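K.L.:
Here is a sequence together with a model predicted from it:
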Amino acid sequence: VGGDRRIPSYGGDYRYAREDKDVDVQLLLFESFGGFGKGVGEILRKAANVLQNKLTRAQYLDEVTWTTKNWLGLQKQCISVVLHTAISQSRL
């Protein structure tokens, strides 16, 4: 909808959690070509900051590929693999 027209708000999914239980429900966008929405990036950056963007020894030994050098890179890679696997299986 363009201009100053607005789409009316409806109760929608998770209304009970948002209104009655005071739960923070967020829409997170994952694009099929590998992009992440702004909300995903913010959550990952906050988590990376808490962890000082460092990998644990176990992650370094078991999960890291030559392309990952820090926690944020590893998480983005893991999410991308899961996303693309799910997309490829849904098209079979």
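P.N.:
Yes, it's here. Numbers count the residues shown, from 1 in each chain.
K.L.:
How about S80: what's its closest non-neighbour residue?
P.N.:
Setting aside the residues directly before and after it, S80 is nearest to G34 in space (C-beta to C-beta, 6 or more residues apart in numbering), at 5.3 Å. In short, each C-beta sits where N, CA and C put it, glycine included.
K.L.:
Under a three-state scheme, what state does the spatially closest residue to S32 that is not a sequence neighbour occupy?
P.N.:
Spatial nearest neighbour of S32, chain neighbours left out: I87 (5.6 Å); criterion: C-beta to C-beta, 6+ apart. Three-state call for I87 (DSSP: H, G, I helix; E, B strand; the rest coil): helix.
K.L.:
Please tell me how far I87 sits from G41.
P.N.:
In this view, I87 and G41 are 20 Å apart by C-beta to C-beta, to the nearest Å.
K.L.:
Of the two, which one has the most company?
P.N.:
Set I87 next to G41 and count neighbours by other C-beta atoms under 10 Å: G41 wins out with 15 against 12.
K.L.:
ok so that one is a strand residue?
P.N.:
No. Under three-state DSSP, G41 sits outside any strand and is assigned helix.
K.L.:
if I look at it, how far off is F33?
P.N.:
G41 is 16 Å from F33, by C-beta to C-beta.
K.L.:
Name the SS class of W66, please.
P.N.:
Three-state call for W66 (three-state DSSP): coil.
K.L.:
Could you tell me the per-residue confidence at it?
P.N.:
Looking at W66, its pLDDT reads 83.
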